[in-house]
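Visitor: no sequence for this one, just the structure:
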């Protein structure tokens, strides 16, 4: 473990905890808004979070974050210590959200190592100060204390504190308390160390002067004093009683101590001694990179297994007990694989909850009240995929509120409940997770979509042939935005296509269904994991390829009668009365093979988003679980290979390229050999 | 070797303090992520010194300090405070904290303070 304790892991933990804290803060604020006010415990909680943020960011020398958190902490400290003050709840909520946004932005920069661009939190700090000043102005005066009797002294000592030890006044206070045990009649300068924190500065410069009487010897005192922490130097002198001129109000400090004692006793009674049973730790956090590594190793095991079991040396041998043990091994490996996979799964809850904020902000700005509902937020998805989900989800919700939901007036006119509802739903189906974003707004205006698509030249087939669904899905094309007015939140013309990109990058797909006047549902279909897939291995010439099983509809030997040729001599295939284009892999990539006639090879029909196409290959090698590995860097750097989403190792040790289903369907077919 | 128990709700701070102490030859025998756990570990392990964060959820460092001092009136507890927590620190001192360290601290602040306090009878 020793090598782990270094600057990097500290930074990592700092980022991790800070983000957790800001998330927690956001949750608190949003809950508070629902409940209509801060309770004592939430104030305490916010204070504590700000405090932690301040401490750790200061430790990491992110002084901007630290100073902001400090100010916010001051504010909540004040509110906590003065529970009777009145303040504007929603203003404070806004303020805290502002702080959080700032901190999140800075953390992003820290993550990207973009530390030169730190912005100053000055404005937010100003704002917090203003609020604090207002609150203090609202406050009633607080009663003061009584006074006791004065006394004498015979020693004088000046304590000098170490540089940078901070809170010199409190340290002085601590000294006063300590020496009280063996001294009498203590007086000191500055005399208001307790309630004036500015005295810290004076003490830092001039030292802390104390005079007292004691029956202890000079050397005893000196050695006692030198054991006080953070003391740089002590100037102890024995003085005559007559010459003593230090004090002006000698025992004020005693009275201070008394009053503080009283306060703490009161607080003792107030603070209920809640003894939360700390359940023994059953959850540990693990670095994702370790999980990635484990997953990789798991993949290696899967490959190694098939390399052993299908080893050519074993061919033709009668190996009954070997086969039995191999089966057992296979069983364990599959179970292990499920386990490793499940370790990477994270519930969608936090991702869903992030939308609360955008709903809050937008309903405030646009004056549309919105109800947000979650169904199945406990559904789990691979950690890697979740990272790609959060932005699209926020974008979709934003779109729903901005474009989908009508204003309250329009809703009442349309005989709908005045408050619009957005529902986020998630459920598992096979090796996919479906995430639905539903609104009960005005739906998509298909004529408008068509018009817009025509204007932007986005139509690829005649209007009359398009289904409603196809029309709706036009909104995912790059450069499409029906909203004429660009609003603050959405409608910049980038957007839905970005959603599409994000989701397809993890192997998912997006589609939209809409009924005009009733609402819109956007469906995201996302694979549970990206690391291990079921694939169909095929052969073209001496090359191996793998097609994800999920993309395959069927495979078949074509019948000569069903092959049709167009005027250019390009072949197509009729299947159950429908005509499909054929992509010949050997032509696409110029692969040498003896099989060029359709009837000699095999056709594999692939489907994605209701588009189908037939792929021509020499033969099928069989179905297998394959571990997706990204292309090695040296290949990616030198050549961009279209249509390949990764590679994998087959049981016999040969390399197979994994074909990208989207590319298989959408890329241009090369009919003629080039050159 | 001086044995230390670190009580802090932030894993980051626990790690940071532990790093400093172990480098200087202290023995960090345990850490605790909240006051309750801190008290339990104190009872069990009786460390020479406890470093105690002031603000923690559920039970503040000051509450934990009080409980520990009830169990063992000679317990040596050093508070870990942040800038601007003067009042809390005062309260801690009144309740028997031996000293306090203000974040952001220098490494020698921690080690010097703990050394001095450990040598103190």
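Guide: Now that the structure is in, tell me what you want to look at. Just so we're clear, the structure is a prediction, and the values are computed from it rather than from any experiment.

Visitor: need the contact list for the residue in chain B that chain A sits nearest to.
Guide: Proximity of chain B to chain A (Cβ to the nearest Cβ) peaks at residue B:102, 3.5 Å away. The C-beta positions use only the backbone N, C-alpha and C, and glycine is treated the same way. Counting by Cβ atoms under 8 Å, 6 or more residues apart in numbering or on different chains, residue B:102 touches A:165-167, B:81-83.

Visitor: give me the element it is part of.
Guide: Following DSSP states H and E, one finds residue B:102 within strand B:99-103.

Visitor: cool, residue A:438 as well?
Guide: In the assignment (DSSP H and E), residue A:438 maps to strand A:432-439.

Visitor: re the thing from before, of the contacts of residue B:102, which is the nearest to residue A:307?
Guide: Using Cβ to Cβ, residue B:82 is the member of these that sits closest to residue A:307, with 57.4 Å.

Visitor: is it true that the closest one touches residue A:58?
Guide: Yes: Residue B:82 lies in contact with residue A:58 (Cβ atoms under 8 Å); the separation is 7.3 Å.

Visitor: neighbour count: the two, which is higher?
Guide: For residue B:82 versus residue A:58, neighbours defined as other Cβ atoms under 10 Å in any protein chain shown are more numerous around residue B:82 (29 against 21).

Visitor: residues contacting the residue of chain A found nearest chain B?
Guide: Chain B sits closest to residue A:166 of chain A, with a gap of 3.5 Å, by Cβ to the nearest Cβ. For residue A:166, the contact set (Cβ under 8 Å, 6+ apart) comprises A:200, B:83, B:102.

Visitor: by mean pLDDT, flag the weakest helix or strand of chain A.
Guide: helix A:252-270 (a mean of 42; mean pLDDT, DSSP states H and E).

Visitor: who are the packing partners of the helix or strand following that one?
Guide: Counting by DSSP H and E, the next helix or strand C-terminal to helix A:252-270 is helix A:288-309. Packing contacts for helix A:288-309, counted by 3 or more Cβ pairs under 8 Å, 6 or more residues apart in numbering or on different chains; DSSP states H and E, involve helix A:320-343, helix A:383-399, strand A:532-540, strand A:619-627.

Visitor: quick one: whatever helix or strand comes next after the strand holding residue B:102 to strand B:99-103, angle?
Guide: Note on strand B:99-103: by DSSP H and E, the next helix or strand toward the C-terminus is helix B:107-119. Helix B:107-119 runs at 170 degrees relative to strand B:99-103, counting by axes from the mean of the first three to the mean of the last three Cα atoms, to 10 degrees.

Visitor: what's next to the strand or helix carrying residue A:224, contact-wise?
Guide: Following DSSP H and E, one finds residue A:224 within helix A:218-226. For helix A:218-226, the external contacting residues (Cβ under 8 Å, 6+ apart) are A:155, A:157, A:159, A:179, A:182, A:214, A:216, A:231, A:234, A:236, A:238.

Visitor: still on that earlier bit, quick one: mean pLDDT for the strand holding residue B:102?
Guide: For strand B:99-103, mean pLDDT rounds to 88.

Visitor: so what pLDDT did residue A:450 get?
Guide: Confidence score, pLDDT, at residue A:450: 82.

Visitor: which SS class is it?
Guide: Classification of residue A:450 using DSSP: H, G, I helix; E, B strand; the rest coil returns helix.

Visitor: for residue B:5, see how far away the residue nearest the centre of chain A is.
Guide: With distances taken as Cα atoms, centre = their mean, residue A:387 lies nearest the centre of chain A, 7.0 Å away. According to Cβ to Cβ, to the nearest Å, residue A:387 and residue B:5 sit 37 Å apart.

Visitor: I figured residue A:176 hits residue A:187, correct?
Guide: No: at 9.7 Å, residue A:176 does not count as touching residue A:187 under the criterion of Cβ under 8 Å.

Visitor: wait, is residue A:346 part of a strand?
Guide: Yes: Residue A:346: assigned to a strand according to three-state DSSP.

Visitor: if you drop the residues flanking it in sequence, what lies closest to it?
Guide: Nearest in space to residue A:346, with sequence neighbours left out and distances taken as Cβ to Cβ, 6 or more residues apart in numbering or on different chains, is residue A:383 at 5.1 Å.

Visitor: show me the shaky parts of chain B.
Guide: Scanning chain B for pLDDT under 70 picks out the ranges B:121.

Visitor: name the residue closest to the centre of it, please.
Guide: The centre of chain B sits closest to residue B:51, judged by Cα atoms, centre = their mean, with a distance of 1.2 Å.

Visitor: got the contact list for that one?
Guide: Residue B:51 makes contact with B:4-8, B:17, B:77-80, B:101, B:110, B:114 under the criterion Cβ under 8 Å, 6+ apart.

Visitor: could you export those residues as TSV, including secondary structure and neighbour count?
Guide: TSV is the format used below for the contacts of residue B:51 (DSSP: H, G, I helix; E, B strand; the rest coil; neighbours: other Cβ atoms under 10 Å in any protein chain shown):
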residue	secondary structure	neighbour count
B:4	strand	25
B:5	strand	25
B:6	strand	26
B:7	strand	32
B:8	coil	27
B:17	helix	26
B:77	strand	28
B:78	strand	22
B:79	strand	26
B:80	strand	23
B:101	strand	23
B:110	helix	21
B:114	helix	25
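
Visitor: sticking with residue A:425, tell me its helix or strand.
Guide: Taking DSSP H and E as the criterion, residue A:425 maps to strand A:420-429.

Visitor: for that strand, buried residues please.
Guide: Under the neighbour-count criterion of 16 or more other Cβ atoms under 10 Å in any protein chain shown, strand A:420-429 has A:420-426 buried.

Visitor: so can I have a markdown table of those residues showing pLDDT and distance to residue A:333?
Guide: Output for the buried residues of strand A:420-429, formatted as a markdown table (pLDDT from 0 to 100; distance: Cβ to Cβ, whole Å):
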| residue | pLDDT | distance to residue A:333 |
| --- | --- | --- |
| A:420 | 87 | 50 |
| A:421 | 89 | 46 |
| A:422 | 90 | 43 |
| A:423 | 92 | 40 |
| A:424 | 92 | 36 |
| A:425 | 92 | 34 |
| A:426 | 91 | 29 |
